[in-house]
Structure formats: structure tokens, C-alpha cells
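**Q** After the sequence you'll find the predicted model.
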2 protein chains.
Amino acid sequence: MERITARYYIETPYAVEKAAAVLAGEQSSGTFVAIPGETEELKNRFAARVEHIEHLDTVSEPAIPGAVSPDGLYRRAFVEVSWSEENFGHNLPTLVSTLQGNLYEITQFTGLKLMDIHFPEAYATNYRGPRFGIDGCRSLTGVATGRPLIGTIIKPSVGLTPAQTAEIVDRLAYAGIDFVKDDELMASTANSRFEDRVDAVMQVINRHADRTGKKVMYAFNISDEMDSMLHKYEYIVKSGGTCAMISLNSVGLAGAKRICDLGELVIHGHRNGWGMLNRHPLLGIEFPAYQKLWRLAGVDQLHVNGIQNKFWESDDSVVRSIASCLDPTPLDKPVLPVVSSGQWGGQAFETYRRTQTTDLLYMAGGGIMAHPGGPAAGVAALQQAWEGAVGGLTLEAAARQYPEFGKSVEKFGKLQFDRA
Amino acid sequence: MERITARYYIETPYAVEKAAAVLAGEQSSGTFVAIPGETEELKNRFAARVEHIEHLDTVSEPAIPGAVSPDGLYRRAFVEVSWSEENFGHNLPTLVSTLQGNLYEITQFTGLKLMDIHFPEAYATNYRGPRFGIDGCRSLTGVATGRPLIGTIIKPSVGLTPAQTAEIVDRLAYAGIDFVKDDELMASTANSRFEDRVDAVMQVINRHADRTGKKVMYAFNISDEMDSMLHKYEYIVKSGGTCAMISLNSVGLAGAKRICDLGELVIHGHRNGWGMLNRHPLLGIEFPAYQKLWRLAGVDQLHVNGIQNKFWESDDSVVRSIASCLDPTPLDKPVLPVVSSGQWGGQAFETYRRTQTTDLLYMAGGGIMAHPGGPAAGVAALQQAWEGAVGGLTLEAAARQYPEFGKSVEKFGKLQFDRA
């Protein structure tokens, strides 16, 4: 029988082997007294198995509260544990409860992070994964390979009326944008009912599509309770839209997968709340594991933050996240990495140098809307930045060669230095 | 317009007032460049507002990675921020994205925990909350006020066949148990298909109900993808069951609320994965805020861990959690606290002393099944422990007065000392 293997980064006040055994026990039979029905045969079939231990360093202070070490030392290690597919079948929420459930509560750990998951091939057969993915997003927006999709976010996040939102989309469509999205804070506000916003925005997008043949992809934020999400999804489909956005952590795995399963719209996966799950180095989950769960659920686009972002995350971490989205496993269907947060084009050079890919949705907010030459110049500047980056130019050379990008560097490059 | 207020425990390398303003800005308009459309009028209507700041201590090491403090100090504070209901209406996932979304990513914080949420009265009107709650659970199990519902968990967690599970339930029903649940690791396994387990277990439970008039409440774990959950829910209803269990964090808010909305079964809310959201003192969410979200979603029973539990959580924290479940706000419908983890009855005394309530579902695993006199003696021992605790006896006095509880103290009291 095939097995699912999880890789953890742990810290324990006890022997690593002992703590790993507790993890495996708690997550497959766990109770504090031996039970008569717990036969050897059952154990062999359903017990989790410690597959591998790699000892790391030892520290004198625990990373998070837990048991006090008898010898004052806290041992770190990578631990791999496997479960038979028979334990949960194809049931993502129960898989999550097994790989991530009560084990964060175990006092034998003073740190525990799920680093990665290895799925057997049967998962690739059972789960369709991203219905559209990278190719589908390129085809729907008419962006050939060779450059990222260029996108932006409607700002201010909340407060604009549908007419004001549509007016911005109109300017962006004229400017040649590929993708626009609602902010995650914008769902249905007192002055921008969801349906009214879809009506106003799609009228603009459909008109431009009739004119140019290019349909801007707009990610309407449908994050809501279940019936409302289904209603909003259908409303987008009916209006000729191509994409819906879900705040994955807030909606949750069952609800998000239900929406992905519909298969008529590209699903833009927003990972807000992610910092809570990841920011501590020894608590929570790392992105390679996280993106696999959402990829199995069927998300087409997934946020990865950006190089030199305005948040706390390091560039190394962002680069790893992009690589894991593009890695073919477990489904041989990559999810499109959404690069955002403080992006204005200047980061294209470092992003390309480190990832060597243009299979990205590259999002800039102020970088487009606040460009000195207006949004069209902002979009042009981003395309130029990527053309320069892919063509081997330095930022400085691209700034000299391309006038719109040059203006971006003058305005936003300075800002970035101020922030640094 | 009414406002939702969130209380945070924060740590920042900068002035607390400045960091609080960043939080409010990021979660209502947030971008790094001033945008033309961002008018004063919009800001006043939709901007989040810092309502209150309470300065706490200052430390020299950041709790989690973030910006480096210019003066080497990290300032801690309680901060209250409010949003107009107009920002998101009645949409729990978007409320979560607003109160807990990207703000965990903000580099101006080296610690951030959502402590509590104050909801305006309109929420109590819009959300039904627990359909059954404490009174409904008492009435369905026939347990009058004055003692907790006594429950247990089928162990081993995974591996038993439906017939083996039903056999255990049969013994427990004879023993006078009020409540039995699947483990969160048990959904539908290779040797225990969900439907087969429901068939086998409900046949036993219905037979006992015919005999005694008392129907044991069995929480079948329906945690799964959306359509499967709905199917499993209906299967329980059809079979005469009274309760379904959901792993809340794994299923997510939208999916769980959809199930709660059906309103035909008591929903047992399992919080596995909670440690990831809570274990660090300065990252994530505290239980008072967490339980309000799930209570609004409609969960009837919610896990709170237990006094002297086998996990890392302190007794103080467990006591606070129980109090928050029983607090009437925001819905005037308390959720039944589920006390579990290493419980065997000995903790009844301290639990009652500190909470002064019997409105609990008191769960013991090995404490019932591994009682020297068998499960019936185990159930009796738990009832005796609570009778003693409510009657003002000490553990020692109760052990002398009640023979079955006396045996528990001999077996499990010793174990507990060994663990301490």
C-alpha cells in the first residue's frame, strides 16, 4: 500500500528518536494508556512510521513553550514520518488533521514545522489539480510565453464604488494590463455590492475585449460563506468573467476545493493569514508543503510574496516558494506563482536572475497606478523591466534604454532606497 | 454605523502608536504609495481606526523575526482597532482576512496575536449560532443539569473495523455513557468505511435507545471535502444519529458553517491544528477570539483541552477557554466546552473548583476503557468524581466514598504522578 510521507523540522527537550516516536504514535493511535483492542496487526497496518531522522544542532533555549529539558538542551532535527494511504484515503482535511493536527500540542516538542509532503502517485490520479494553471492563464489573457502576466490590485482596498472601480479598470485595460484583482479586504461593501461591481467591471472588460480581442482577467474576490461564494461564482461566469479570488486560509480547504471543482473559472489563491502559519521558524508549515495542499485542491494561481517585498519575508524564501509552485510534483500541473507586495518592476532583474522563469503573475499596485506617466506608462514600464531582465540588461541599462521604466526607477527606486 | 473591534497583543521595534497606525492602514487601504482616488471622505468611512493603546513592557530580543529596532528595544502593548460593519457586512471569511490577514506579515511587528473580538449586536441577529448548544445537548442525551455529559473517544484512533467499533459502543452504552466520538484521525479508512461504521454503530445505539429511552450521542467524524461531508451528514441523519464532528481548522470556516447551517445535527467542533495558531505567546490567535468565530459559524461543542492535560497548555489557559465558551456574548448562546486530553476523573475537582460549572462535555479515553472494573465502572467513576467535586469533597474523600472512583485513583492517579 502506498504511503504519504511528511518531513518535519523539530526541536525537542528529549532524545530525537523518542520524540519522533511520540509524534508517530499520537498521530495514529495516541492515548495515554495501552488499550486491549490495540493489536499488533492493527498497529502494523495503520501505525505511522518514522522513516528517517537527520540530527541538527542543539540549543539551550526552547523555541516555543513546552516541556523543560532534563539536561538543559533542546535538540533540533529533520524527521520524516509516513502514513499508509489506507488511514484516510483521498480526504484532504483529514490528511491535514493527521499531518498537522494535535501534534503541535505535544509537550515533547518545543518546535515543530511541517516542511514538505510527499504524495504517492495515486493522488495525481485522484485530484485534477489546477484546472487552468499556467497555460490556461496565458491562453485566457493572450500572453505568450516569454514574459510574466502583468497585474495590479484595485486600490484603495475598500471604499470605491463599482463605477469608480470600473473607471480604473477602463484605464488599465487601455493601458494593456493582463490581470486586475480585488483586494482581499474587498468582498461586498456597503457602497460596492458584489454583483454591481461585477456588472460595472465586466461591461468595461467585455467592451475592451470586443475592441482588441484581449480579455483582461479580473479576479473578483468571492471569499464568503459557502452559498454566497457559489452564487458569486455563478454570477462571474454569467457575466463573462474568467477568474475568482479566494482567501484560502479564511475560507478553508473544504470550501475552496468545492469552488475549484466547478472548473469554469481560474482560481486566484490569496494566502492572507499565511504569516500566522509560517512566520516563526519552528512553528507551523513551510510553503512547499502548503502549496501542495492547495494545488491538490485545484488552485490555479497562488501568492508567493515578492523579491524585496514590503513584508518580513526574505528573498531566499520567496525564491524557494516560486520554485515549489513550478515543481511538477505532485500533479505535473504547476500553479502560477503570484508575485506581489511592493513590486514596481525594479525587482524584475533580481527575480529573473534568481528564478530564471517568466511563468509568473507579476503584480504591482502603486508601481502602475502611481506611475508619473499614468497607468499605461506604468504597464509599459513593467513589460520593459521584464524584457530588459530576460534580455540580460542590468536595471540601470534598462532604465536608460526604456523611457517609461526609466521614470519608474526615478520615482520608485528612490522610494525603495528610502525604505531600505 | 456599528463597528467590529479587535484587541491585539503586539510587539514592535518602533513607536507603538506608529505600528498601530500601520496595522489600521494596511488592513483598510494599504499600499506603499499614496493613490489619487484615496479621498478623505472614503478614508473616514472605511478606514480602520485605532481605538485604544495600552503600553506594556519593553524587551531587548524580538519574539519573532521582523524589522530590527533602531534603539534595540521591542515594545509590547495591547492595541484595539475597529472597522465599520460596512467594510465586509456579514461575511466571516472576509472578516477573518481583515482582522487576521496580511497583518501577520507586517515587518513593523515582531509579534502579533489577536486576543479578542467585539461584535456589534447586528451579528447576533444575523447569525443563528449554535443550533443546539448546551441545552440541546443535554436534552438529546437526557442528562439533566448538575453534572457534565460524560464522553469517550474510540481508541485505537484508526484501525478498528465497524463491527469492532460497534462492539465498543455497545459496552459503553451498557455502561451508561452519554457521548462517544470518532478520533479526528478516523474518517473513512480502508477497513472502516464511513457508512458501514454508521450502520454498525447506530444499530447498537438505536437498540439501546429502544431499551432504555436514552440515546447515546455519537459524533461521527464527517471531516472531508464538501460533497462528501454533505453526504455523510445526511447519512447520519437518515440513520437516526444526533451528532457530527468536524475538524474545524482542517475543513475551514466556509465549509464548517455550511454544515452547521443544516441544523439537524449537533456539531462537535474539534480544534486539532490549534497549537499552530496559538502556541507561540506572540503569534496567532487566542481562544476567546477563536471560539467567537466558530460560535458565529454555529458550532455546538468546542474543544478546550483539560486541566492537567497531556499537552503543553497551562491550566490557566484552559480555565479561560471554558469561561469564554460559557460567556453569553456575542450571541447569548454558549457553546458546550469539550474537556479532554489525559482526563480520567481526578481532574474533576480542580476543574470544578476553578470553573464552578458542570456545563461541560467531559471526555475520558483510557480513563473509561482501561478502568480495572471495565467501561461501566469507568463511566460510574467519572460520574462519581463529578458528584464528589460538586458536593465539595476532596479527591481523597471521594476516592474513599466511591469504590469505582477509588479504583481510578489507584490506577490513573499513580500514572499521573509518574508523568508529572
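**A** Here it is on my side, so go on.
**Q** what sits against the residue in the stretch 51-200 of chain A that chain B sits nearest to?
**A** Relative to chain B, the nearest point of the stretch 51-200 of chain A is residue A:104 (2.8 Å; C-beta to the nearest C-beta). For every residue, glycine as well, the C-beta is placed using N, CA and C. With contact taken as C-beta atoms under 8 Å, 6 or more residues apart in numbering or on different chains, residue A:104 is in contact with A:112, A:283, B:273-276, B:279.
**Q** I'd like the residues you listed as a markdown table, with distance to residue B:359 appended.
**A** Shown next, in a markdown table, are the contacts of residue A:104 (distance: C-beta to C-beta, whole Å):
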| residue | distance to residue B:359 |
| --- | --- |
| A:112 | 33 |
| A:283 | 32 |
| B:273 | 25 |
| B:274 | 21 |
| B:275 | 25 |
| B:276 | 28 |
| B:279 | 27 |
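**Q** hmm, back to that, just the pLDDT for the residue of the stretch 51-200 of chain A closest to chain B.
**A** Note on residue A:104: pLDDT of 94.
**Q** Could you pull up phi and psi at it?
**A** phi -70, psi -10 (degrees, to the nearest 10).
**Q** Residue A:271 versus the nearest residue to residue A:151 once chain neighbours are set aside, what's the distance?
**A** Counting by C-beta to C-beta, 6 or more residues apart in numbering or on different chains, the nearest residue to residue A:151 once its immediate chain neighbours are dropped is residue A:179, at 3.3 Å. Per C-beta to C-beta, to the nearest Å, residue A:179 is found 17 Å from residue A:271.
**Q** count of residues packed around residue A:406?
**A** 16 (other C-beta atoms under 10 Å in any protein chain shown).
**Q** actually residue A:207, not the one I typed
**A** 12.
**Q** Helix, strand or coil: sort out it for me.
**A** helix (DSSP: H, G, I helix; E, B strand; the rest coil).
**Q** Okay, now the unreliable bits of chain A?
**A** Along chain A, the model assigns pLDDT under 70 to residues A:30-39, A:414-420.
**Q** For chain B, what is the nearest residue in it?
**A** residue A:252 (0.8 Å).
**Q** okay but that residue is in contact with residue B:258, surely?
**A** No - counting by C-beta atoms under 8 Å, residue A:252 stays clear of residue B:258, with 10.2 Å between them.
**Q** which residues do the two both contact?
**A** By C-beta under 8 Å, 6+ apart, no residue touches both residue A:252 and residue B:258.
**Q** coming back round to it: gap between the residue of the stretch 51-200 of chain A closest to chain B and residue B:101?
**A** When C-beta to C-beta is the yardstick, residue A:104 and residue B:101 sit 21 Å from each other.
**Q** Where does residue A:199 sit, in terms of helix or strand?
**A** helix A:194-212 (DSSP states H and E).
**Q** Now do that helix: which elements does it pack against?
**A** helix A:162-174, strand A:217-221, helix A:226-238 (3 or more C-beta pairs under 8 Å, 6 or more residues apart in numbering or on different chains; DSSP states H and E).
**Q** Out of those, indicate the one that is most buried.
**A** Comparing those by mean neighbour count (mean count of other C-beta atoms under 10 Å in any protein chain shown), strand A:217-221 comes out on top with a mean of 27.
**Q** Just the C-alpha atoms of that one, please, in PDB.
**A** What follows is strand A:217-221, C-alpha atoms only, in PDB (Å, rounded to 0.1, in the frame of the first residue of the first chain):
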ATOM      1  CA  MET A 217      -8.600  38.700 -16.400                       C
ATOM      2  CA  TYR A 218     -10.300  40.200 -13.300                       C
ATOM      3  CA  ALA A 219     -10.100  38.200 -10.000                       C
ATOM      4  CA  PHE A 220     -13.300  39.100  -8.200                       C
ATOM      5  CA  ASN A 221     -13.000  38.300  -4.500                       C
END
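**Q** so what secondary structure elements neighbour that strand?
**A** helix A:133-141, strand A:179-181, helix A:194-212, strand A:243-247, strand A:266-270.
**Q** The first one versus strand A:217-221: what angle between them?
**A** Orientation of helix A:133-141 against strand A:217-221 (axes from the mean of the first three to the mean of the last three C-alpha atoms, to 10 degrees) gives an angle of 110 degrees.
**Q** ok, the helix or strand following helix A:133-141: who's next to it in the sheet?
**A** The first helix or strand that comes after helix A:133-141 along the chain, using DSSP H and E, is strand A:149-153. Strand partners for strand A:149-153, identified by DSSP bridges, are recorded as strand A:179-181 (parallel), strand A:361-363 (parallel).
**Q** Next, the buried residues of the last one.
**A** Burial within strand A:361-363, assessed by neighbour count using 16 or more other C-beta atoms under 10 Å in any protein chain shown, is assigned to A:361-363.
**Q** Just tell me which of the helices and strands packed on helix A:194-212 ends up closest to residue B:8.
**A** Nearest to residue B:8 among the helices and strands packed on helix A:194-212 is strand A:217-221; the distance by C-beta to C-beta comes to 23.8 Å.
**Q** Show residues contacting the closest one.
**A** A:137, A:140-141, A:149, A:151, A:169, A:178-184, A:186-187, A:194, A:197-198, A:201-202, A:205, A:232, A:236, A:241-247, A:266, A:268, A:270, A:301, B:94.
**Q** and what of stretch A:163-178?
**A** By C-beta under 8 Å, 6+ apart, stretch A:163-178 touches A:141-143, A:149-152, A:154, A:160, A:180, A:192, A:197, A:200-201, A:203-205, A:208, A:216-218, A:368-369, A:374-380, A:383, B:37.
**Q** what do you get if the cut-off is 6 Å, keeping everything else the same?
**A** If you take C-beta atoms under 6 Å, 6 or more residues apart in numbering or on different chains as the criterion, stretch A:163-178 is touched by A:141, A:143, A:149-150, A:154, A:180, A:197, A:200-201, A:204, A:208, A:216, A:375-376, A:379.
**Q** any idea which of these is closest to residue B:52?
**A** The closest of those, once distances to residue B:52 are taken by C-beta to C-beta, is residue A:154, at 31.0 Å.
**Q** for the closest one, what are its contacts?
**A** Per C-beta under 6 Å, 6+ apart, neighbours of residue A:154: A:165, A:182.
**Q** Could you do residue A:62 as well?
**A** Here residue A:62 is in contact with A:74, A:110 (C-beta under 6 Å, 6+ apart).
**Q** tell me the phi and psi of it?
**A** phi -70, psi 150.
**Q** what's the spacing between it and residue A:283?
**A** 11 Å.
**Q** for residue A:254, same thing?
**A** Distance from residue A:254 to residue A:283, by C-beta to C-beta: 24 Å.
**Q** Residue A:262 now?
**A** 34 Å.
**Q** Kindly report the same for residue A:46.
**A** 28 Å.
**Q** out of those two, which sits in the busier spot?
**A** residue A:283 (28 against 23).
**Q** wait, what's in contact with that one?
**A** A:64, B:280.
**Q** what do you get for residue A:360?
**A** Per C-beta under 6 Å, 6+ apart, neighbours of residue A:360: A:148, A:337, A:339.
**Q** In TSV: these, plus distance to chain B and neighbour count.
**A** What follows is the contacts of residue A:360, written out as TSV (distance: C-beta to the nearest C-beta, whole Å; neighbours: other C-beta atoms under 10 Å in any protein chain shown):
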residue	distance to chain B	neighbour count
A:148	20	29
A:337	17	28
A:339	15	26
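**Q** Many thanks, we can stop here.
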